[in-house]
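*Asks:* Just to be clear, the model below is a prediction. Sequence and coordinates:
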Amino acid sequence: MKTVLITGANKSIGFETARQLLQQGYYVYLGCRDLQKGQQAVDQLKSEGLQHIEPIIIDVDALDSIQEARKILGTKTKSLDVLINNAGISGSFPQTSLDTDPKVFRQVFETNFFGAINTTQAFIDLLRQSPEPRIVNVTSGLGSLTLHNDPTWKYYHVKGAAYTSSKAALNAYTIVLAYDLRDTAFKVNVVDPGYTATDFNHHSGPGTVPDAAARVVKAATFGPDGPTGQFFSDDNSPETGISPW
């Protein structure tokens, strides 16, 4: 049975991603910062008949928490097939380039960028033990620098200085990560789940959580001939599903 660790998975898109992967036969380690909330999420999925799941405490803002999660997971499995870096925050809005407190930038980058890096580096040894390891970094369509510089883009005026920068940085890291793992069985990609109605955006998005999670699941389950080093976004590029960087 393939295994997957999903950070920030006790609610919203992460939770639905866990559900869909369970339905496909994966064993899910549901990453959460709060054990009670994580256990509630696990209990909900088990009540649906999805039994191969357990919570793992992991706060991606804290390196010691990530390292402890790695230690615990190492006692449960000798390999990890999929890592989904889903945990993320938006920071306070509005975020202009001149007025946003640098503390907000640091806070957002700590979760969205450094959190993903620290988690990837902590679990890379378990991933290397999988015959078909997959890493999915959950990004945003707002992380596209190309589109942000295009006045005709539908989200051109949505400029969250800290959030946009953090996702663009995550995209850049993913490109290098995919390059460094190019001669291995790894598939490393970033996925924009789309403008989805969640508490992340006060339920303002038009997309649904199941559709958003399905995009993440698709990249997590690529076969050996699947792509790597790509930025997938049905929202940015509905024709091809591949967003410009």
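*Replies:* Here it is on my side, so go on.
*Asks:* so for stretch 39-57, what's the average pLDDT?
*Replies:* Mean pLDDT, stretch 39-57: 98.
*Asks:* That one: end-to-end distance?
*Replies:* 10 Å (C-alpha to C-alpha, to the nearest Å).
*Asks:* try stretch 133-149
*Replies:* End-to-end span of stretch 133-149 (C-alpha to C-alpha): 34 Å.
*Asks:* Averaged pLDDT, stretch 4-11. What do you get?
*Replies:* Averaged across stretch 4-11, the pLDDT comes to 98.
*Asks:* One more: stretch 67-84?
*Replies:* Averaging pLDDT along stretch 67-84 gives 98.
*Asks:* For the helix or strand containing Val42, which residues meet the burial criterion?
*Replies:* Secondary structure from DSSP states H and E places Val42 in helix 35-47. Under the neighbour-count criterion of 16 or more other C-beta atoms under 10 Å, helix 35-47 has Gly38, Ala41, Val42, Leu45 buried. Glycine gets a C-beta too; all of them are placed from N, C-alpha and C.
*Asks:* Show me the residue at the heart of the chain, geometrically.
*Replies:* Closest residue to the average C-alpha location of the chain: Asn86 at 2.6 Å, with C-alpha atoms, centre = their mean.
*Asks:* Contact partners for that one?
*Replies:* Asn86 is in contact with Ile6, Thr7, Gly8, Ala9, Ile13, Gly14, Thr17, Gly31, Val138, Val216, counting by C-beta atoms under 8 Å, 6 or more residues apart in numbering.
*Asks:* What sits closest to the third one if chain neighbours are left out?
*Replies:* So that's Gly8. Closest residue to Gly8 apart from its sequence neighbours, by C-beta to C-beta, 6 or more residues apart in numbering: Ala87 at 3.1 Å.
*Asks:* same question, the fifth one
*Replies:* Closest residue in space to Ile13, ignoring its immediate chain neighbours: Ala212 at 4.9 Å, by C-beta to C-beta, 6+ apart.
*Asks:* same thing with the fourth one?
*Replies:* Leaving aside its chain neighbours, Ala9 sits nearest to Leu30 (4.5 Å; criterion: C-beta to C-beta, 6+ apart).
*Asks:* Looks to me like that neighbour is in a strand.
*Replies:* Yes: counting by DSSP: H, G, I helix; E, B strand; the rest coil, Leu30 is located in a strand.
*Asks:* count of neighbours near it?
*Replies:* Leu30 is flanked by 26 other residues according to other C-beta atoms under 10 Å.
*Asks:* cool, and Ser243?
*Replies:* Ser243 has 23 neighbours, counted by other C-beta under 10 Å.
*Asks:* Thank you kindly, that will do.
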